[in-house]
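S.K.: structure for the following, please:
(4 chains)
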Amino acid sequence: MFYIHCPYCGELREEEEFHPKGQAHIARPADPASCSDEEWGDYLFFRDNPRGIHHELWVHAVGCRKFFNITRHTVTYEILETYKMGEQPRFTAEYPEGRPSRDRVEPAPLREGVRA
Amino acid sequence: MSNVATFDTRTEAKIPVESPLTYSYRRSGAPAPTGKSRVVLRERPFLGHLILRGGAIVLDEAVREVLGVSLPGEPQGLVQDADGERSVQWLSPDEWLVIVPGGEEFELENRLRAALGDAHFAISNASGGQTLVELEGEAARELLMKSVIYDVHPSHFPVGKGVTTVFAKTTVILRRPAEDRWELVVRRSFADYTYRWLLDAGEEYGIGVER
Amino acid sequence: MQRYSGFGLVKHALSHHENWQRQWRNPTPKKAYDVIIIGGGGHGLGTAYYLAKEFGIKNVAVIEKGWLGGGNTARNTTIVRSNYLWDEAAALYEHSMKLWEGLSQDLNYNVMFSQRGVLNLGHTLQDMRDIQRRVNANRLNGIDGEVLDAKGVQELVPIMDCSKNARYPVMGASWQPRAGVARHDAVAWGFARAADAHGVDILQQTEVTGFKIRDGQVYGVHTNRGDIEAKTVGCVAAGNSGVLAGMAGLKLPLESHPLQALVSEPLKPVLDTVVMSNHVHGYISQSDKGDLVIGAGIDGYNGYGQRGSYPTVEHTLQAIVEMFPIFSRVRMNRQWGGIVDTCPDACPILSKTQVKGLYFNCGWGTGGFKATPGSAHVFAASLAKGEMHPIAEPFSIDRFNTGALVDEHGAAGVAH
Amino acid sequence: MSQLNRLARGGRIDRSRKLSFTFNGKRYQGHAGDTLASALLANGVDIVNRSFKYSRPRGIVAAGAEEPNAVVQLGKTEAGQVPNVRATQQALFDGLEACSTNGWPNVQRDMMSLVGKLGGKFMPPGFYYKTFMAPASMWMTYEKVIRKSAGLGRSPMENDPDIYDHLHQHCDVLVVGAGPAGLAAALAAARSGARVILVDEQEQMGGSLLDTRELLDDKPADQWVAEALQELAGLDNVTLLPRTTANGYHDHHFVTLHERRTEHLAETAPLKDGRRQVRSRMHRVRAGRVVLATGAHERPLVYGNNDVPGNLLAGAVSTYVRRYGVVPGKRLVLSTSNDHAYRAALDWLENGCEVVAIADARANPDGELVEQARAQGIRIITGSAVIEAKGESRVSGARVAKVDLDGFRVAGAVETLDCDTIASSGGYSPVIHLASHTGGRPTWRDDILGFVPTLVKGVSAAGGAQGVYATGEVLTDGVAAGRQAAAEAGFEAASVSLPQVAARRDGAACALYQVPHEKPTLRAPKQFVDLQNDVTAAGIEVATREGFESIEHVKRYTAMGFGTDQGKLGNINGMAIAARLLGRSIPEVGTTVFRPNYTPVTFGAIVGRHCRELFDPERYTAMHQWHVEHGAEFEDVGQWKRPWYFPRQVDGKTESMFDAVARECRAVREAVGILDASTLGKIDIQGPDAREFLGRVYTNKWAKLAPGRVRYGLMCKDDGMVFDDGTTSCLGENHFLMTTTTGGAAGVLEWLELWHQTEWPELDVYFTSVTDHWATMTVTGPEARKLMSEVTDIDLDKEAFKFMDWREGSVAGVPARVFRISFTGELAYEINVQANYALHVWETLFAHGEKYGLTPYGTETMHVLRAEKGFIIAGQDTDGSVTPEDLGMHWAVGYDKPFSWIGQRALTRPDTARTDRKQLVGLKPRNAKVVLEEGAQIVFDPKHAIPMPMVGHVTSSYYSPTLDSGFALAVVKGGQQKMGETVYLPMADGQVHEAEIVSPIFLDPKGERQNV
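M.R.: From the prediction side, this is the model:
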C-alpha cells in the first residue's frame, strides 16, 4: 500500500485517501470536431502501459480533493515524485535518474488531460 | 456580490430542530459518562459552518478584517479566535472551513462578501449538513487510532492542526483545537454510522456521551 | 505420448514409478517455424495445440520467457462460466464452455473441470434487474441459467447469511449449473503435453526482445536465444501484451493492473458451489484440497509487481465474512497477485494488427482463465486461415475507433 | 495424570499453576507457560495427527511457526471452534479442548491409513491428473469421494461471538522479532528517541535467548532479556507487542501485525471489567524504517521414515528441554550436518536421559560443542547420518550409515541403533519471508547454505535473518541495524553497551539435505520433504523425470510448500533435491518466493470492526426517524437507506407492496403525495464562468437560463454515453444549484473538479457539495398547491410561480427554497430547507395535509410515476452504452453550442451514429394484465431457433393504477422508427408475451398536469 506525498497538502498520506485516475497528460484535443475517428478513439482509449516509469493522474479524494500527477515505477512501485497540475515530471523513461536540473523545461500547457 | 443569491437558512423563530445525532441517541442510546470513562463524546450541534473558496491572499485580507484572525495559509492549519469560539481551517489550497457560533454564519457571509467585492471567490453555507463531535479523555487518541488512518501522535498532530482523512469507511475532518480535545466534523448523513462506530470502538474505554 | 489411465498408474506403481516419460520436451529452438506463439500460458499453449491438432500446422513454437503456465494461468481463482450478457461475449465464452466439457478426455489429462455451478448474487433492485436481463439473454443464446430468489439461494448454500439482517441482504441470484471450476495448472500442463506430442516446440526461459518486421509484414522475433523466424506470430502474453505491442510499434487500449486472490487454510468441505457477489464485492469457492479460494478486487493503478494494495484484501474479506459470518474464525493462509490486462469495455482483443501476420490475443482482464480453450481455439483458427474466426471478429481493435464496444462492465463487474 | 516426560526442574513454566486440558477426548495436565505442544509432549502423546495423503501417524516436529504436523482443531463450543491451530504456538489455558483434524475412527487407529498403505504406491505426485477421466460423466462422482479427504480442520457452523479491531500505527522504526538481534536493535533505536514498535510472535519476548546455553555477562541470557524489556517498557516512545506476528509486508513499509490478545486465555475472549475484549487486533503499521530480526528456521534432514513420531528438529528438542522442562523421549540419536545442533544432545544428556549417538555427516567435526560432547562421553559417528527411522507409531530405532555426500550413496555398513527419538539438523534458513513480500528476490549464499533477503530501501535485516548466527555477533548486528534505522529516520544514534558473550569456535557445516539410502530414492522408504502435504523425495524425483524442471513447477506438481506452514520446513530441502536431480545448483533451480501471510491470520482480524452493523455506512436523511416510525420498507440506493414504500396496517395485516404502491400512485395522481428526495446530490456552483462550465459538461444549452429558472440537463462522458442527469437552477447570474442522481452525487462532483482542475482551470468557478445541508421534500399532486398555500408565504399563483421556476420564502416558518419541478408529471413543489428543521417542516406538512389525503410515497411509486411520463432513471434505463439520441432526447442536445461539449464528438463515430441503435421506447403489453419482467429480452421473431436474435430489453416495467395496465420502458433496435409494431418477449416459463412499441410517454404527453 502506497504512501503518497500530496503536493498540495505537502505531506505523505495513506493510499486510501487517494484514487488513481489513469495515465497523466492525456490532453483533450483542442478541436474535437476536426479529429478523425482514429484520433478520437486514441484520446479516449489508447494508453501507454509501460513496465517501468509511468506518469499517472491521481486525486486526493479524501483530503484536499486536488488532482495531481505521480511518477511511479510500475514494477517496484517506487514513487519517484509527485507534482502539481501544470508541472512537468523530473523523472521520465528518458531520464530515469531525474532530469538534469539545468535542463529546464517549459511549463506544461494548461490542458492537463482527463480520462473519459 | 449581487450575481450570487445569498440566503439565510436559519430562522430566529422557535422552531424545533434536530441535530444530526438526534436520531442516533434514540436508536443507539447515549451511555452517560462515569468515573471510569476514559473517553467522552460530545456533539456541538447547530454551529455555523461556511465553506470558503478562493485565493489565499484575497481571502486572508477579508477574513482578518471580518473575523479578526488570519487565514491559515499553510496546509493542515487551524486557527481560532481568542476564546476558541470561531475557527478557520485549511481544507485545500483554495478551500477553508469556517465554524462560528450558530446564527453568526449568515451575517459573516454577508460581511465577507462585502469585503471581497468583485474578487473571484465562493462561500457556501453547510451548517445543516455537518456537525461537530468532540472527543476528550486519556483514551481519545487511541480511539482515534482505531478509527482514522491518519497519524494522530502528538509529534505529528500538534494542537492547531486539522486534516480531512478516512474515518472507518467514511470521511471526517479531524482537528485538534486543544491539548486534550479533538474535534470531528462529520457529514449529517454519515453521523449515525460515525456515532455507532465510536460507541463500538470506544466500549473498551468505557466511552460516555455528554448531552 | 504415454497414455494416462488408472491402469497405467498401477503398472507404473509396480515399476516404482521409474518409467514415467517427460510430459514435454525441452527442445532447442529451430531457425524457423510456420507459426510462433508468444506466451506459454493456457491460451498460448492451447492455441499451439489446436493449430496442430485441428489445422494440421505442427511446425509451431511456443515462446515463454519464464516457465510454462507461470503467469495468470497459475494465479487465478479458476472459475469457469459463460453467462455473459452481450451476444458476442456469450458466444465466445460458451464456445469455451463446450470445449471445457470434453477437455480432460481430449487432452488425456484430467483438468478437473468441476461443474459445481456458479451463483452471481443480487443485493439491490438494480442487481436483480441486471440478473434477469442477463439470464434472459443467456437463455435465448442457448446458455443454461436461471434466476433464483433468496430462498433458492439459501437452499443451494445453507451456510450463507441470506437473512434480512445483512447490510445488503441477498435478494436473489443468477445460477449457472454448468459453470464451475477447473484445476488451473493442469490446463497449462495438459495443453503443453498434448501440443508437444503433436510436435510443437515449447521454448521455456526464452524471452522475446523484439520483432522482425519488413514492409509491414512480420517475419520473426528476436529472443535471448537468438532470432527465430515465422511469418505468422500470435501474441498471447497476458500481463505483458502492452510491452510486446510497444516492441512492434503498436499501442493497445490496455492497462495492466494487479488482481489479488487469497486462500484460507484447508478446511473440511462446507461450500460446494461458487458464489460471486458484485455488490458486496467478493467471490469464493472451495477447492478439492479444502482451501477457500477467494478473489479480491482489481487495484486501480497500473502495476506489474504481482502484488496489490492491502485494503483490497481487507474489503474482500469483509465481503466474505458479511456473506458467510461463520468464516470469521477461519484463517487466511496466503495471498498473491496476478497482472491483468484490462480493456475499456471489459472484453478481450482478438485481432489482426497493422503489421501483417502479427496477431494479438489479449485484454482478458479478470476473465481469461474461463476462456482458455475457446480463446485458444478461435485464435488458432484465425492464425491458420489468416482471417479472424467469426466468434473472434467482434473483438477487433477497430472497435475502439468505431465505438462498437461490447461493454460487459454492467454485467460483469466482478468478471472472474 | 502424570506428566511422564516433565522434568522436575528447569524451564520457564510455572509448576505451581496446573492447567488441565483435553486432547482427543482425553484429559491431561500441563503448566502455565506451556504451549499445547509442550504439554502434549510432557504427557507422552506421540501421535497428534494423521497425514493428508497417506494417513500416516504424525507427531510434533518443531517448537514454533514452522510446525507442519501438530495442526489441531481447537474448541469446546461450536461457535468457538478454531480450525488448524498449530499446537506449538497455542499457549495452554485451563479447560482447553483440542482434537486431531484427521483420523477415523481416531487418530491412533485410522482406517484411512490402510488406504494410505495399500494405495500410497498408486498415488505418485499428480496422479489425479492421470486418471478419473473415464467416463467423462463420472468425474463429479470421483470428485465427491476425493473431497471427502480434503481439508484439515473444520469451519465453525455458528457465528463468531468474538470481536476484532484495527489500530492504525505509525512509527519511525519497526523491529520485527524480539530475539537478541531485535532486542538490541530496539534498544538502539529507542534510546535515540525514535518512535519504535517491537513485535514478536511468541508468548514471551527473547527468542533464542530463552533457551540458549550461552551466558550473557556470565548470567543466564534471559536475565538480560528481562532487563532490556524492562527498559523498553519504560519508554514512552516504544510500543511492545508480544503474541503479535508481522504477517505481511506491503509497499512503502506498510506492515500488518496480527496481535492475538485473548487466544492464550480462552477459546472465546473473556469479559474484562464487564466489557467485551477484542480477540485479535490488526495493527496497520506505516513504518519509516524496518529492521527484520526474524531469526532462522532449522532444516530437518530428509531420510527414510523421517515422519514417524519421535523425529524432531534438533533445535526443537533443546527448546522443549530448556524452555518447557520437557524431555520428549528417553534415548536420543542426533543426526546433524553442523555444530550448533550438538546442543540438543548436551541438553538431553544434562537432564539425565541417554544420548545413544550423534551421527555427524562431516568427516572431522572439531568445533567447541563437538569437543564438549566428546568430553561428556557421547559417541560420535563421523561421516555418517541416520538414513532411516524404524518404528510406526513411535521411533524404535535409527539406521545409521556412512554416507558419501558427493556420490550421494551409502558408503558403509548400516548400524541400527536402539532409540525412541531422532533429532536432526541440516542447517539453518534465514527467515526471509517478510523481505520477500516486498518483491525482492532472495539470493543464495554458499557460505551459510541458505537464502538471504534482498532488501528494498529502508529495510535492514539483522542477526539470523541475514545468516549471522553467533550470539555475540547477532547482538552487535542488531545494535548496528537499530542505530542505522534511527539515524535514517532522522534521530541521533544512541550508544548501547552490549553484554559480553563468550565467543565460540564452530566448525564449518556441510551441505546435507536428503540423506542417501541403500536403495534408490524411488524404492527407498518414504523420505518426507513436506510433511503436511506428504511430499517425498521420490515425488520430487518423479516430477523432475516428467519434465517439471523449474522449482515452481515442482512445487505445483507435488504441492510442496502449499500447506499452512508454507514450506518453512521443507522448501529448501525440496529445492536441493530437485537441484541434485537436475544437475544444477540450488539458485539455478529457482528461488523461493514467499507471499503474505507469514503465518495464517484470522479472517475476523483482517475484517476488524467492518462487519455486521458496521459493514458499510448507512446514510440517513433528516426524516429517517419518521419513515421508520411509519413502517417504511427501505431500499438500498448506494449507501442511502431510502423509503421504498409505506405499507399500511389494514385489519392487523400489512398491506402488500403491490397494494401500497397502487395506493401511493393514486394519491399522487388524484390528491397529493410527498417524497423524501433529500438523497439527490446537490452542488453549489459559483463564479463568473459557471454558466460556460455548465454548457461544457451538459449536453444542452445554459446560456440563457435566467435567475429564478430551472432546467433539466443530461451529462455524458466523452464517449458520448449518458452517465448522469438532473436539474440545475439559476440562483443568480453567477450562481447555480446542480442536482445529481442519488448514486451519482460524489462521482459528478469529482467529475466537475476533474475537468476544472485539469482541462479548464482558466474558468472561474467553484463547486461545493451541499447535499447534506438541504433536506428536500417533494409535494406533488393536484392538491399540492392547496396544501402549500397553507404553509408558505410564497406566491403560488401559477403565473407568479411557473413550472420550472424556483422561489424562496418560508415553509412552515422555516426559510426555504421551493422548486417547481416535477418528476411525477403532476403539479409539484420541491421544498428545500436546512436539514436541522426538516422533520418539523415534514410533520407540519402532514398536520395540514391530512385533509387533502397527503400520502408519503417511496422510491417504487416514484419509479412508476416517472415511468408513466417516460422520464428515465440513469443507471436503470441507461447502462453506459446509451447516447442522448438513443433516449430520444434530441431536445436536450445542443449541437450548435460554440464549445464541443463533453460527449459531442463521439456521437458521430460510425457505430454511435447508426440510426438502428437500441433506442428507448414504451412497450404496451397486448394483455393489459401482464407486467413485463424487467430485464426481459425482446425479439422480433419468437419462433427463431436458439440462439434467437435479441433486439433489446425491458429497462423499467410496472403496473400503472392510472392506466390500469402494465406498461414498460425498453430499448429496442431502431425502435423509434417502429412505433405501433409488435415485439415478443419469450420468458423462462415458456410464455411469450406480446407488446406494442409505443411512445415512452404514457400519460399526459403535453405536460398539462404539471403545468397547472
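
S.K.: for stretch D:358-369, buried residues please.
M.R.: Judged by neighbour count (16 or more other CB atoms under 10 Å in any protein chain shown), stretch D:358-369 contains these buried residues: D:358, D:359, D:360, D:361, D:362, D:365, D:367, D:369. C-beta: built from backbone N, CA, C; applies to glycine.

S.K.: for chain A, what's its nearest residue on chain B.
M.R.: Among the residues of chain B, residue B:92 lies closest to chain A, at 3.6 Å counting by CB to the nearest CB.

S.K.: what is the burial count for that residue?
M.R.: By other CB atoms under 10 Å in any protein chain shown, the residues close to residue B:92 number 17.

S.K.: please name the residues that touch the residue nearest to it when sequence neighbours are not counted.
M.R.: Closest residue in space to residue B:92, ignoring its immediate chain neighbours: residue A:64 at 3.6 Å, by CB to CB, 6 or more residues apart in numbering or on different chains. Applying CB atoms under 8 Å, 6 or more residues apart in numbering or on different chains to residue A:64 gives the contacts A:6, A:8, A:9, B:75, B:91, B:92, B:93, B:95, B:164.

S.K.: ok, residue A:64 to residue B:163 distance?
M.R.: Separation of residue A:64 from residue B:163 (CB to CB, to the nearest Å): 9 Å.

S.K.: are there residues contacting both of these two? Which ones?
M.R.: Common neighbours of residue A:64 and residue B:163 (CB under 8 Å, 6+ apart) are residue A:9.

S.K.: quickly list the domain ranges of chain D.
M.R.: Domain ranges of chain D: D:1-154, D:163-296+D:430-489, D:301-425, D:513-584, per the TED database.

S.K.: ok, the third one near chain C or not?
M.R.: The one in question is domain D:301-425. No. If you take CB under 8 Å from any CB of the partner chain as the test, domain D:301-425 misses chain C, and the best it gets is 14.6 Å.

S.K.: and for the second one?
M.R.: Yes. Judged by CB under 8 Å from any CB, domain D:163-296+D:430-489 comes into contact with chain C through D:164, D:248, D:250, D:251, D:254, D:256, D:284, D:437, D:439.

S.K.: which one among these gets closest to residue D:569?
M.R.: Closest approach to residue D:569 among the residues of domain D:163-296+D:430-489 next to chain C (CB to CB): residue D:437, at 19.4 Å.

S.K.: for that closest one, which non-adjacent residue is spatially closest?
M.R.: Here the residue nearest residue D:437, using CB to CB, 6+ apart, is residue D:249, at 4.1 Å.

S.K.: how about the one you found, secondary structure?
M.R.: Of the three states, residue D:249 takes strand under DSSP: H, G, I helix; E, B strand; the rest coil.

S.K.: can you tell me the strand partners of the strand or helix carrying residue C:338 and which way each runs?
M.R.: Using DSSP states H and E, residue C:338 sits within strand C:331-342. Using DSSP bridges, strand C:331-342 pairs in its sheet with strand C:255-264 (antiparallel), strand D:601-602 (antiparallel).

S.K.: number of nearby residues for residue 21?
M.R.: Looking at chain A here, since you left the chain open. Neighbours of residue A:21 using other CB under 10 Å come to 21.

S.K.: let's do chain B instead
M.R.: Neighbour tally, residue B:21, other CB under 10 Å: 24.

S.K.: quick one: which of the buried residues of stretch D:358-369 is nearest chain A?
M.R.: residue D:361 (41.1 Å).

S.K.: now the element after the host helix or strand of residue D:119, going C-ward?
M.R.: Using DSSP H and E, residue D:119 maps to helix D:112-119. Next helix or strand after helix D:112-119 toward the C-terminus (DSSP H and E): helix D:139-148.

S.K.: in that following helix, which residues are buried?
M.R.: D:139, D:143, D:146, D:147.

S.K.: may I have the phi/psi pair for residue B:133?
M.R.: Torsion angles at residue B:133 (phi, psi; degrees, to the nearest 10) stand at phi -120, psi 130.

S.K.: residue contacts, it?
M.R.: Taking CB under 8 Å, 6+ apart, one finds B:21, B:41-44, B:183-186, B:191, B:194-195, B:198 in contact with residue B:133.

S.K.: swap in 6 Å and give it another go.
M.R.: B:43, B:184, B:186 (CB atoms under 6 Å, 6 or more residues apart in numbering or on different chains).

S.K.: residue A:77 too?
M.R.: Contact partners of residue A:77, counting by CB under 6 Å, 6+ apart, are C:305, D:251.

S.K.: run the last query once more with 7 Å
M.R.: A:2, C:303, C:305, D:251 (CB atoms under 7 Å, 6 or more residues apart in numbering or on different chains).

S.K.: please apply the same query to residue C:219.
M.R.: By CB under 7 Å, 6+ apart, the contact list for residue C:219 reads C:212, C:229, C:231.

S.K.: pLDDT weak spots in the chain?
M.R.: In the absence of a named chain, this looks at chain A. A:101-116 (pLDDT under 70).

S.K.: let's do chain D instead
M.R.: In chain D, residues with pLDDT under 70: D:1.

S.K.: who in it is up against chain A?
M.R.: For chain D, the residues in contact with chain A (CB under 7 Å from any CB of the partner chain) are D:250-252, D:254, D:286, D:439, D:717-719, D:750, D:753-755, D:757-759, D:761-762, D:900, D:904-906, D:909-910.

S.K.: from these, list the buried ones, please.
M.R.: By neighbour count, with 16+ other CB under 10 Å, those hold D:250-252, D:254, D:286, D:439, D:717-719, D:750, D:753-755, D:757-759, D:900, D:904-906, D:909 as buried.
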